[in-house]
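Peer 1: next one to model:
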Amino acid sequence: MPDPEFVEGTDNQRAAFSADGRRIITHDPGQLPEILDVLGLALAETQNNLFTQSGRLLRIYPVTESKPGYLKRIKGSLTLHTVDGAHLTELATRAATHERYDSRSQGYKACNCPRGVAEAYISRGYWPELSELTGFVESPTISLSGRVIDTPGYDKETGIFAAFGTIDGYTTPPAKPTIAQAKKAAQVLLDLVKDFPFVADADHTATLAGIITALIRRSLPAAPMIAVTAPTPGTGKTLIAETFAILATGRRASVLSLGHDDAESEKRLAGILLAGDPCIVLDNIERPLKGDLLCQVATQQFVKLRPLGGSGMVSISTASMMVATGNNLSIVGDLKRRVALIRLDSGQERPEQRTFNNDHLEEVLRRRGAFIRAALTIPLAYLANEAPTIKGLHPLGGFEQWDRLVRRPLVWLGLDDPLKAAEVLREQDPDIETMRMLFGAWHNQWADKDLTAAEVVAASLDCSTSPGGGVDYTNPGLRDALQMVCSEKINSRRLGYWLRAHKDRIIDGMQLKQSGQSGHDKISKWKVVCG
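Peer 2: Prediction:
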């Protein structure tokens, strides 16, 4: 039997160290809680790239090869990998000297960490002794307080792991840059993208906002999706997205193709968020971009998703920059207010045949360090000048920190609002167009009179026969609006669903209100009021 004085409890376990400085863990019966406590200390003391995030144990690994499928990653891309029992057995064996009593020799012998111990440690689900990971970065960044993070390794204040070495051309920006230095930095970035056929100045600014966002996204609790659109292929949408990724990581972006339905898209997005990619490009989107998941990823710090091949929900950090590209990109629903839009238009039938003065992506790589310094200088200068209020610039709800570190600094320098171009999304939204048509036709016909869905449908179908044998509708504008609402055949059931979904919505000063119920049938009545 083992010497009872040698294994009398946690204190002895904690005090035992081998000649190489590692803790000695003795695996004796009845000692599991103490063993797990000491194992946690050993893992924390060992530089083994082990972190916790959202109830998971994680390590950061480079991708060795790009596999075919819905996700394309460049070789060398860093990703997060969940540590399972088998792998933790290896890490634990490396972190400490493990011993087990051997009855034949009447003494302790070295052994591997038992798999059951590793599994029990993982099952704890709470590891305060380990470092909590916000995310990894591959370029210098700044914290919400404006502190530059450009020293490789783990940053305790933010939970960010800086996974980069020396970057050619990069020097730490001034702690308190002047507005003149910030304007000079902005010009450096504007010169970088000057050859792109932007529609307006606001698109230039939105591109600068994308560059800054790519570098500081890990520090932001939320950030808008950057959307790049153009009327024809070959205009430069993907080049813009690649610019963001190269500045943030030193390599091209991870490209994700969405599934044919929301369920498939959700699983694919869950997988790439679990892997922690810093920049995710949804490339060449052909269908309207919408959905609760994309809205949540833009505005919430964590989302609960079910990964591919998994049966349970997991909490996942959303601290990844999202970029969407597409020809005449359509963004609808609530997502449109969570987007910064970049519009390109070369005015040419074959824009891919244009010639540039240089290789854009090669220049981004060659001068990456200088561009990073310039991008970080802009928010640092704004904070150094006490983050002044911008008159007439209303904050973007849900994106307060992005507004403070990206949007307002650019407007403060005299540039256009980077969200200005996104205003066109509201005008192009078919749902808003439908509301405008129906509310207008409704109010013109009945003012603020209470009506049931059936009464509205009956009025839209009221018609007479013209002398030529055609049909003349009494309310053609109302009928056209209801055709958009009902998609197919106009009926009160479809209209009722739509009215309930748009209750209290306001468009052009007109608001849809539910105004009680009709008689004994308890059928909802509606009206459109001007306020």
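Peer 1: tell me the pLDDT of Glu427.
Peer 2: Predicted confidence (pLDDT) for Glu427: 67.
Peer 1: and Asn112, how far from Ala42?
Peer 2: 14 Å (CB to CB, to the nearest Å). (Glycine included, C-beta is placed from N, CA and C.)
Peer 1: comparing these two, which residue is more hemmed in?
Peer 2: Ala42 (23 against 14; other CB atoms under 10 Å).
Peer 1: distance of that one from Glu90?
Peer 2: As judged by CB to CB, Ala42 and Glu90 stand 13 Å apart.
Peer 1: any common contacting residues for those two?
Peer 2: Counting by CB atoms under 8 Å, 6 or more residues apart in numbering, Ala42 and Glu90 have no contacts in common.
Peer 1: secondary structure element holding Pro388?
Peer 2: Using DSSP states H and E, Pro388 sits within no helix or strand.
Peer 1: ok, it - contacts?
Peer 2: Counting by CB under 8 Å, 6+ apart, the residues that Pro388 touches are Tyr382, Trp412.
Peer 1: now with 10 Å, please.
Peer 2: By CB atoms under 10 Å, 6 or more residues apart in numbering, Pro388 lies in contact with Tyr382, Arg408, Trp412.
Peer 1: grab the nearest non-local neighbour of the second one.
Peer 2: What it means is Arg408. Excluding its sequence neighbours, the residue lying closest to Arg408 (CB to CB, 6 or more residues apart in numbering) is Ile390, at 5.4 Å.
Peer 1: the last one now?
Peer 2: With CB to CB, 6+ apart as the measure, Tyr382 is the residue that lies nearest to Trp412, at 5.5 Å, once sequence neighbours are left out.
Peer 1: that neighbour - how many residues pack around it?
Peer 2: Counted with other CB under 10 Å, Tyr382 comes out at 25.
Peer 1: cool, and Met313?
Peer 2: 12.
Peer 1: measure it to Leu274 for me?
Peer 2: 12 Å.
Peer 1: can you check Ile35 too?
Peer 2: 30 Å.
Peer 1: do the same with Thr151
Peer 2: 27 Å.
Peer 1: one more: Lys503?
Peer 2: From Lys503 to Leu274 the distance is 37 Å (CB to CB).
Peer 1: could you find the closest non-adjacent residue to Pro152?
Peer 2: Per CB to CB, 6+ apart, closest to Pro152 is Ala162, 5.0 Å.
Peer 1: check contacts around that neighbour.
Peer 2: 136-141, 149-155, 218.
Peer 1: next one: phi and psi at it?
Peer 2: For Ala162, the backbone dihedrals (degrees, to the nearest 10) come out as phi -90, psi 100.
Peer 1: so what pLDDT did the residue of the chain most remote from its centre get?
Peer 2: Ranked by distance from the centre of the chain (CA atoms, centre = their mean), the top residue is Pro467, with 60.3 Å. The score at Pro467 is 71. That number is its pLDDT.
Peer 1: quick check: which element contains Leu425?
Peer 2: helix 423-428.
Peer 1: and the helix or strand just after that helix, what's buried?
Peer 2: Note on helix 423-428: by DSSP H and E, the next helix or strand toward the C-terminus is helix 430-446. Neighbour counts using 16 or more other CB atoms under 10 Å place 431-432, 434-435, 437-443, 445-446 of helix 430-446 among the buried residues.
Peer 1: any idea how the protein splits into domains?
Peer 2: What automatic domain parsing lists as the domains of the chain is 10-132, 179-425, 429-530.
Peer 1: let me have those in CSV, extended by distance to Ser145.
Peer 2: Formatted as CSV, the domains of the chain follow (distance: least, CB to CB, whole Å):
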stretch, distance to Ser145
domain 10-132, 18
domain 179-425, 8
domain 429-530, 37
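Peer 1: give me whichever of those domains is most buried.
Peer 2: Between those, domain 179-425 has the highest mean count of neighbours, a mean of 19, where neighbours are mean count of other CB atoms under 10 Å.
Peer 1: from the chain's centroid, how far away is that one?
Peer 2: 10 Å (CA atoms, centre = their mean, to the nearest Å).
Peer 1: could you do stretch 167-181 as well?
Peer 2: 27 Å.
Peer 1: what's in contact with that stretch?
Peer 2: 138-140, 142, 146-148, 150-151, 164, 182-185, 250, 365-385, 412-414.
Peer 1: which parts of that stretch are buried?
Peer 2: Ile167, Tyr170, Pro173, Pro174, Pro177, Gln181.
Peer 1: closest to Lys527 among those?
Peer 2: For Lys527, the nearest member of those is Pro177. The distance, counting by CB to CB, is 55.9 Å.
Peer 1: leaving out chain neighbours, which residue sits closest to the closest one?
Peer 2: In space, Pro177 is closest to Ala381, 3.9 Å off (CB to CB, 6+ apart).
Peer 1: again, but for Leu289
Peer 2: Leu289 sits nearest to Ile331 (CB to CB, 6+ apart), 4.8 Å away.
Peer 1: and Ser330, by the same measure?
Peer 2: Pro288 (4.3 Å).
Peer 1: let me see the contact set for that neighbour.
Peer 2: Gly326, Leu329, Ser330, Ile331, Val332, Gly333, Leu335, Asp429, Pro430.
Peer 1: mind putting the residues you listed into a markdown table with secondary structure and distance to Arg94?
Peer 2: Output for the contacts of Pro288, formatted as a markdown table (DSSP: H, G, I helix; E, B strand; the rest coil; distance: CB to CB, whole Å):
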| residue | secondary structure | distance to Arg94 |
| --- | --- | --- |
| Gly326 | strand | 47 |
| Leu329 | coil | 49 |
| Ser330 | coil | 52 |
| Ile331 | strand | 49 |
| Val332 | coil | 52 |
| Gly333 | helix | 50 |
| Leu335 | helix | 46 |
| Asp429 | coil | 56 |
| Pro430 | helix | 58 |
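Peer 1: list just the nearest of these to Leu50.
Peer 2: For these, the nearest to Leu50 is Leu335 (36.4 Å; CB to CB).
Peer 1: return the residues in contact with the closest one.
Peer 2: So Leu335 contacts 224-225, 227, 288-295, 297-298, 324, 425, 429 (CB under 10 Å, 6+ apart).
Peer 1: mind checking which of those are in strands?
Peer 2: Residues of the contacts of Leu335 located in strands (DSSP state E): Met225, Ala227, Ala324.
Peer 1: just checking, the first one touches Gly291?
Peer 2: I take that to be Met225. No. The criterion here is CB atoms under 10 Å, and Met225 misses it with Gly291 at 11.5 Å.
Peer 1: so what sits against both of those two?
Peer 2: Val297, Leu335.
Peer 1: just to check, Asn284 is in contact with Val255?
Peer 2: Yes. The pair Asn284 / Val255 is scored as a contact, 9.1 Å apart, by CB under 10 Å.
Peer 1: so what sits against both of those two?
Peer 2: Thr238, Thr325.
Peer 1: so, low pLDDT: which residues of the protein?
Peer 2: 1-15, 65-70, 259-260, 306-312, 351-357, 426-428, 468-470, 519-520 (pLDDT under 70).
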